[in-house]
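J.: show me the folded form of this:
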Amino acid sequence: MATMIIPSRAYGVRAKRAAAGPGMWTRFMDALRAARQAEAERAVAQYIDGRRWSDSVEREIGEKFSRHQGLGAL
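T.: Below is the predicted model:
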């Protein structure tokens, strides 16, 4: 009976790939998410601008973001 060797497991390709760190696409997506998060936080801070945080303010912000009006609509 012959033994079948799977090269990716035999030579530790996954371990090498994991040790190399995240790839270019992962770094790009992480940077994009961080930029969108920062933009959303700035928009919310600008919308609140001295007002007290309340249930109604939170509801208004949630409605504006859920309707995809964009951050400029806040």
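
J.: so where's the chain uncertain?
T.: Residue ranges of the chain with pLDDT under 70: 1-19, 68-74.

J.: all helices of it, in order?
T.: Using DSSP state H, the helices of the chain run over 7-10, 13-19, 24-48, 55-66.

J.: can I get the ones you listed in CSV with mean neighbour count?
T.: No exception for glycine: its C-beta is placed from N, CA and C like everyone else's. Output for those, formatted as CSV (neighbours: other CB atoms under 10 Å):
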stretch, mean neighbour count
helix 7-10, 8
helix 13-19, 10
helix 24-48, 11
helix 55-66, 12
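
J.: gap between Ser54 and Met29?
T.: In this view, Ser54 and Met29 are 34 Å apart by CB to CB, to the nearest Å.

J.: now do Arg51
T.: The spacing between Arg51 and Met29, counted by CB to CB, is 34 Å.

J.: now Val44
T.: 23 Å.

J.: also Ala35?
T.: From Ala35 to Met29 the distance is 11 Å (CB to CB).

J.: and for Gln37?
T.: Computed as CB to CB, the Gln37 to Met29 distance reads 12 Å.
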